[in-house]
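Peer 1: Got a sequence here, can you model it:
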Amino acid sequence: MTATVTKLAPTEVQLDIEVSASDLNEARERAFRKLVKQHRVPGFRQGHVPRRIFEQHVGAERIDHQAMEDVVPDAYTKALKEHNLEPVDRPKIDLERVDDGRALRIKATVAVRPDIELKDYLGVPIGKPAVHVSDEDVERSLQSLRKRAATLEPVTDRGIQAGDVVTLDYEGTIDGQPFEGGAAHGHTTEVLPEKFTPGFAEQLYGAKPGEERSVRVTFPAAYHAQAVAGKDALFQVSVHDVKVPVLPELDDAFAKQVSEYESLDALRDDVRRRHQIVAEARARESMERELLGVLVARHDFPLPGVLVEREMRSMLADAKDSVENAGRSWEAYLRSRNTTEEQLREEVKGDAERRVKAALLIEQIAKTEKIEATTADLEGEIERLARSTGRSRGAAVEMLQHSGDLGRLMDAIRRDKTMAFLVEKASVTEKAPEVTAGPEPSGDETISS
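Peer 2: The predicted structure is shown next:
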């Protein structure tokens, strides 16, 4: 086999591969030996049919086709290795028979990774955000835990106030006609203005169990349901019951109720520790973003169009999932932005190019520094995945293999190790302290009755 390479574009090449007649004949013989074990021919034991007889029954074309299926991928892989090429997409293959079909010429056109000349990727100047967890952060989390542990007591001596939990029926109409999503029965919710269409909650204040109210509102122009956006609606509301959340005392008994800790001080320390972990992770992410921004700006090389296109499709798919998960149609979202999907593609193109460029840079640095995902790294990630999903290690591995995510996990490990290496080697300057609030402790936000 011989192979030559022609550069068609900065990230596209053509491989011209010639398979000799002798190599092609050997491939046909291997194909025959493979196929003869799979077919039965009357009068012969399976696998012991002479080739001439086999060709009469099955066809020489079947052997030739199998030989092509075997020899073409093998020749292509060897040519890539010989010329040190890294494809980023499937090749376009053209086959040509020469010398009366005794030899084979393969023309493979494929997009490849660009040549990247690394520049000053060590010692990159970046700022490290100071991590600060305030007492207020901790207290907000404790108050959130109190709210989640609250019980509900019926209200008998007053009407609805902000923060009450009510059960009600409502039926809405626009111009006298009901509309989709405008009615519910036995609906339980916390009465807070931010949870309702503007003006709705305030018109419920003072209502007592058994009372009915007429509530008039105007849906915002940017409301997620385009069919009612900007329109006036009338709701007939029937209040069934009103309850007030009763928060537990912030003491050791509360700590035992909501956690594994025996004292409030121990719970408070754990809340602070978790805030600290989140704040440090955010600081790390900030450093990595800044470092990548510097590296992307320092390097200039052509990007494979197929990778940019792939990233753009991924970004649009993520955006569409996010919109639809929020209960809004993709078409309504586009209308609300007065744009089209094609225009949105152009909007995200710059970000897609930066992401592809950053990914190629990290891969090149990993290769230069010989950073790899080890077996121990992979085992650690599999164990974490198993714990987080409640699966056994074997089940976690099977899930990764079935979904095709094992390779992506290895790539992610390699990327994370490379970013850790670059941050470690960076020239880091401490930034001024900022108060950063971490997320509230995980838990069910529904108030129990």
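Peer 1: Show me which helix runs longest in the protein.
Peer 2: helix 264-298 (DSSP state H).
Peer 1: What is the subsequent helix or strand relative to it?
Peer 2: Once helix 264-298 ends, the next helix or strand along the chain (criterion: DSSP states H and E) is helix 305-325.
Peer 1: Show the average pLDDT along that next one.
Peer 2: Taken as a whole, helix 305-325 has a mean pLDDT of 94.
Peer 1: chain center to that helix: distance?
Peer 2: 10 Å (C-alpha atoms, centre = their mean, to the nearest Å).
Peer 1: helices or strands up against that helix?
Peer 2: strand 103-111, helix 330-336, helix 341-368 (3 or more C-beta pairs under 8 Å, 6 or more residues apart in numbering; DSSP states H and E). Using the backbone N, CA and C atoms, a C-beta is placed for each residue, glycine as well.
Peer 1: now do 6 Å
Peer 2: helix 330-336, helix 341-368 (3 or more C-beta pairs under 6 Å, 6 or more residues apart in numbering; DSSP states H and E).
Peer 1: coming back round to it: give me the buried positions along the longest helix of the chain.
Peer 2: Neighbour-count burial for helix 264-298, counted by 16 or more other C-beta atoms under 10 Å, picks out 264, 267-268, 270-272, 274-276, 278-279, 283-284, 287-288, 290-292, 295-296.
Peer 1: so how many other residues sit close to the nearest residue to residue 252 once chain neighbours are set aside?
Peer 2: Once flanking residues are discounted, residue 252 sits nearest to residue 263: 4.9 Å by C-beta to C-beta, 6 or more residues apart in numbering. The local packing of residue 263 (other C-beta atoms under 10 Å) involves 13 other residues.
Peer 1: Report pLDDT for the closest residue to residue 115 other than its chain neighbours.
Peer 2: Closest residue to residue 115 apart from its sequence neighbours, by C-beta to C-beta, 6+ apart: residue 301 at 7.1 Å. pLDDT recorded at residue 301 is 96.
Peer 1: Residue 301: neighbouring residues, count only.
Peer 2: Neighbour count for residue 301, taken as other C-beta under 10 Å: 15.
Peer 1: With residue 353 instead?
Peer 2: Around residue 353 there are 16 residues (other C-beta under 10 Å).
Peer 1: Grab the nearest non-local neighbour of it.
Peer 2: Nearest residue to residue 353, sequence neighbours excluded (C-beta to C-beta, 6+ apart): residue 308, at 5.6 Å.
Peer 1: how close does that neighbour sit to residue 411?
Peer 2: Residue 308 is 18 Å from residue 411, where distance means C-beta to C-beta, to the nearest Å.
Peer 1: coming back round to it: residues contacting the residue nearest to residue 353?
Peer 2: Applying C-beta atoms under 6 Å, 6 or more residues apart in numbering to residue 308 gives the contacts 352-353, 356.
Peer 1: now the residues you listed as TSV including distance to residue 210?
Peer 2: Shown next, in TSV, are those (distance: C-beta to C-beta, whole Å):
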residue	distance to residue 210
352	58
353	62
356	63
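Peer 1: closest to residue 197 among those residues?
Peer 2: Of all these, residue 352 has the smallest distance to residue 197: 36.6 Å, by C-beta to C-beta.
Peer 1: coming back round to it: the residue nearest to residue 252 is in contact with residue 250, isn't it?
Peer 2: No: at 11.7 Å, residue 263 does not count as touching residue 250 under the criterion of C-beta atoms under 6 Å.
Peer 1: who does whichever strand or helix holds residue 380 touch, helix- and strand-wise?
Peer 2: Under the criterion of DSSP H and E, residue 380 resides in helix 375-389. Helices and strands touching helix 375-389, as assessed by 3+ C-beta pairs under 6 Å, 6+ apart, comprise helix 393-403.
Peer 1: In PDB, list the C-alpha atoms belonging to the helix it packs on.
Peer 2: Taking C-alpha atoms only, helix 393-403 is exported to PDB below (Å, rounded to 0.1, in the frame of the first residue of the first chain):
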ATOM      1  CA  ARG A 393     -19.900   0.000  39.500                       C
ATOM      2  CA  GLY A 394     -20.700  -2.600  36.900                       C
ATOM      3  CA  ALA A 395     -24.000  -1.000  36.100                       C
ATOM      4  CA  ALA A 396     -22.300   2.400  35.800                       C
ATOM      5  CA  VAL A 397     -19.800   1.000  33.300                       C
ATOM      6  CA  GLU A 398     -22.500  -0.700  31.300                       C
ATOM      7  CA  MET A 399     -24.500   2.600  31.200                       C
ATOM      8  CA  LEU A 400     -21.400   4.500  29.900                       C
ATOM      9  CA  GLN A 401     -20.600   1.900  27.300                       C
ATOM     10  CA  HIS A 402     -24.300   1.700  26.100                       C
ATOM     11  CA  SER A 403     -24.600   5.400  25.800                       C
END
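Peer 1: other SSEs contacting it?
Peer 2: Counting by 3+ C-beta pairs under 6 Å, 6+ apart, helix 393-403 packs on helix 375-389.
Peer 1: contact partners of the helix it packs on?
Peer 2: For helix 375-389, using C-beta under 6 Å, 6+ apart, the contacting residues are 393, 396, 409, 413.
Peer 1: Over to stretch 419-437?
Peer 2: 122-130, 132, 134, 137, 279, 287-288, 291.
Peer 1: got the buried residues for it?
Peer 2: In stretch 419-437, counting by 16+ other C-beta under 10 Å, buried: 419, 421-423, 426, 428, 436.
Peer 1: What of stretch 153-163?
Peer 2: 155, 160.
Peer 1: Could you work out the end-to-end span of that stretch for me?
Peer 2: End-to-end distance of stretch 153-163 (C-alpha to C-alpha, to the nearest Å): 13 Å.
Peer 1: sorry, back to before: in JSON lines: the buried residues of stretch 419-437, plus secondary structure, pLDDT and distance to residue 115.
Peer 2: Output for the buried residues of stretch 419-437, formatted as JSON lines (DSSP: H, G, I helix; E, B strand; the rest coil; pLDDT from 0 to 100; distance: C-beta to C-beta, whole Å):
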{"residue": "419", "secondary structure": "helix", "pLDDT": "96", "distance to residue 115": "23"}
{"residue": "421", "secondary structure": "helix", "pLDDT": "96", "distance to residue 115": "22"}
{"residue": "422", "secondary structure": "helix", "pLDDT": "96", "distance to residue 115": "21"}
{"residue": "423", "secondary structure": "helix", "pLDDT": "96", "distance to residue 115": "26"}
{"residue": "426", "secondary structure": "coil", "pLDDT": "95", "distance to residue 115": "25"}
{"residue": "428", "secondary structure": "strand", "pLDDT": "93", "distance to residue 115": "31"}
{"residue": "436", "secondary structure": "coil", "pLDDT": "45", "distance to residue 115": "41"}
